[in-house]
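> Based on what follows, work out the 3D shape:
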Amino acid sequence: MRSAIDILGREFLLSDDELGQLLPSGSTSIFGSRVAWARTYLKQSGLLESPKRGLFRICPTGIALLLEKPQKINMKLLERYEPYRAFKARSRAPQEGESQPLELPEDSQKTPEDALAAAYQTLRANLESELLEQIKSSSPAFFERLVIDLLVAMGYGGSRQDAGRAIGRSGDGGIDGIIKEDKLGLDVIYVQAKKWEGSVGRPEIQKFAGALQGQRANKGVVHSLATLLTLQISSTQKLS
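Purely as a prediction, here's the structure:
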């Protein structure tokens, strides 16, 4: 299989980036998955055979098909072969307790993994849109807590309780939270979380930078609905 993927990659003039593209699961390359499914369909149709584990080769039936010079070999064409029809019948029959299997059109250019990946991307996009709408309708205080929870979940040190103590203080100069950069608390990151939907403007950044300098801080994160901008400044550095 590895040899087949390499040879086919060169045949189709695929770049390293194209060969390296992964399915959403992150465990398999898209091209490798398609080659594997093509081998499965061709083997089940009797066009390929496996003389031993890990190897496959074309059968006389497959050679006869190539001599016909078909414009393309797809699942609709494979329907002419009885072994493929039997394979489809077995695949369609759900076992007891299983859900109905995924059906693909005969002229589909997608493998089952491609179809699942597309469905996953659609569901993810819909979920992101719904979450964004809910966040937009939330209160500023909720958004501040959400940002702190996100940073804690990303693995920054400290606890939600530690971060929460710095939220909503009066006279904080625009600082909405403090996150420990490491679990030992050797350095801290000051957080500003505002429900901006557009880009964060220069005046807001300068105001936040001034608040950081007032705290003698050297690291800060500005988080909005549209952007996540990380600033690292020292007490003597000025924004140009």
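
> Name the residues of the lengthiest helix in the chain that are buried.
Using DSSP state H, we find that the single longest helix of the chain is helix 112-136. Under the neighbour-count criterion of 16 or more other CB atoms under 10 Å, helix 112-136 has 112-114, 117 buried. Glycine gets a C-beta too; all of them are placed from N, C-alpha and C.

> I'd like these written out as JSON lines, with distance to residue 214 and pLDDT added.
Listed next are these as JSON lines, based on distance: CB to CB, whole Å; pLDDT from 0 to 100:
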{"residue": "112", "distance to residue 214": "58", "pLDDT": "75"}
{"residue": "113", "distance to residue 214": "54", "pLDDT": "75"}
{"residue": "114", "distance to residue 214": "54", "pLDDT": "75"}
{"residue": "117", "distance to residue 214": "49", "pLDDT": "76"}
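
> follow-up on the earlier one: so how far is the longest helix of the chain off the chain centroid?
When distances are taken as CA atoms, centre = their mean, to the nearest Å, helix 112-136 is centred 10 Å away from the chain's centroid.

> and residue 144, how many neighbours?
By other CB atoms under 10 Å, the residues close to residue 144 number 22.

> cool, residue 12 as well?
Residue 12 is flanked by 10 other residues according to other CB under 10 Å.

> repeat for the one 3 residues further on
Residue 15 has 9 neighbours, counted by other CB under 10 Å.

> What's the separation between it and residue 21?
Here residue 15 is placed at a distance of 10 Å from residue 21 (CB to CB, to the nearest Å).

> Tell me which residue lies nearest the centroid of the chain.
Closest residue to the average C-alpha location of the chain: residue 24 at 5.2 Å, with CA atoms, centre = their mean.
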